[in-house]
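>>> Provided below for reference: sequence and predicted model.
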Amino acid sequence: MTSLSDLSVGIGLRQPHYREVFERTPALGFLEVHSENFFLDGGASMHALERARAAYPISLHGVGLSLGSADALADAHLAKLKRLVDRVEPALVSEHLSWGSLGTRHFNDLLPMPHTREVLGLLTERVDRVQSTLKRSILIENVSAYFEFNDSDMTETALLDELARRTGCGVLLDINNLYVNAVNFGFDPVARLNEISTAAIGEMHLAGHTLADGCLIDTHGARVCSEVWALFEEACRRFGPKPTLIEWDTDLPALDVLLGEAASAASIARRTVEVSHA
């Protein structure tokens, strides 16, 4: 397993960019892939991941474990994830603070959780089991949401911090998701940063969003906006730089656009280090 520098900046490896990434091998700290796309033991996708692994540290980012589902944790899914982790030996493994399945139905979304003590207990049990199975700690990401639960008795960031304290997992802080929720629900995102301990943060994500009918939608299909860059810089000052990913999944641009965004993230992270040491 390769460890990452706190100043490491990566991009998501997506199929349209495979050839160019492998031919150019741009200077990146790591590459991230969605775990579920590589559950088959062979084939072209696994060949591409093995090639990427030879050149870069890999982050496995899961979207289908459904940690918050009322159903039992999916043993088959967890077994496939373990097999992939054992094969790839990634630098990071992450999942979401969400649910996405009910019985045999799987929803094409990362659905938010009520932030209650009961949910915290459920997630603690699930994360403990996943980490015990994988024999390593994982990161849990905050999600974008478009409604809030009336019975929540804590914030999402407070829940994540307590989950990390109880289980030893880390927090994958998605800066864009935090900003989207702050605008949609009218809270101060900087105040939410202060609810997470520095030691809990293991990675940060940056992405773009769009405005639709007065609501911000987390699309992962645009450049990082100035407000999210500013919040990222505040997070770097608060926590210190952490491995950071440029996340872009829809309307993929040219590879150089992603590399430009990654360079901007690296510049901000380095600047916060220089200021702190001045």
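Looks like it arrived, so ask away.
>>> Roughly how far does A76 sit from V183?
38 Å (CB to CB, to the nearest Å). To be clear about C-beta, it is placed using only N, CA and C from the backbone, and glycine gets the same treatment.
>>> okay, the two: which has more neighbours?
Between A76 and V183, V183 has the larger neighbour count (other CB atoms under 10 Å), namely 16 against 8.
>>> roughly how far out does stretch 2-13 sit from the chain middle?
Here the centre of stretch 2-13 is set off from its chain's centre by 12 Å, with CA atoms, centre = their mean, to the nearest Å.
>>> out of everything not next to it in sequence, what's closest to R237?
Nearest non-adjacent residue to R237, counting by CB to CB, 6 or more residues apart in numbering: T272, 5.3 Å away.
>>> Repeat that for A164.
Spatial nearest neighbour of A164, excluding adjacent residues (CB to CB, 6+ apart): A200 at 4.0 Å.
>>> In contact with the one you found, which residues?
160-161, 164-165, 170-171 (CB atoms under 8 Å, 6 or more residues apart in numbering).
>>> Export the residues you listed as a markdown table, with columns for distance to D251 and neighbour count.
Output for the contacts of A200, formatted as a markdown table (distance: CB to CB, whole Å; neighbours: other CB atoms under 10 Å):
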| residue | distance to D251 | neighbour count |
| --- | --- | --- |
| L160 | 29 | 29 |
| D161 | 34 | 19 |
| A164 | 33 | 22 |
| R165 | 38 | 13 |
| G170 | 30 | 22 |
| V171 | 28 | 26 |
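>>> Out of those, list just those in helices.
160-161, 164-165 (DSSP state H).
>>> Let's have those in a markdown table, adding pLDDT and distance to L65.
Formatted as a markdown table, the ones in helices among the contacts of A200 follow (pLDDT from 0 to 100; distance: CB to CB, whole Å):
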| residue | pLDDT | distance to L65 |
| --- | --- | --- |
| L160 | 98 | 16 |
| D161 | 98 | 21 |
| A164 | 98 | 17 |
| R165 | 98 | 21 |
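>>> and of those residues, the nearest to T133?
A164 (18.4 Å; CB to CB).
>>> Assess the claim that the closest one and L172 are in contact.
No. Counting by CB atoms under 8 Å, A164 stays clear of L172, with 10.6 Å between them.
>>> joint contacts of these two?
Shared contacts of A164 and L172, defined by CB under 8 Å, 6+ apart, comprise I140.
>>> residues in contact with the lengthiest helix in the chain?
In the chain, with assignment by DSSP H, the single longest helix is helix 255-277. Helix 255-277 is contacted by residues 6-7, 9-11, 17, 20-21, 24, 26, 28, 206, 223-224, 229, 232-233, 236-237, 240-241, 244, 246, 248 when judged by CB under 8 Å, 6+ apart.
>>> Where do the strands of the chain begin and end?
For the chain, the strands defined by DSSP state E occupy 9-12, 30-34, 58-61, 92-96, 99-102, 105-111, 139-141, 170-174, 201-206, 209-212, 215-218, 244-246.
>>> so where's the protein uncertain?
Residues of the chain meeting the criterion pLDDT under 70: 1, 101, 103-108, 277-278.
>>> how does it look with 90?
Applying pLDDT under 90 to the chain flags the ranges 1-3, 41-42, 69-72, 99-111, 113, 147-148, 150-151, 213-214, 274-278.
>>> List the contacts of T219.
For T219, counting by CB under 8 Å, 6+ apart, the contacting residues are 208-210, 250.
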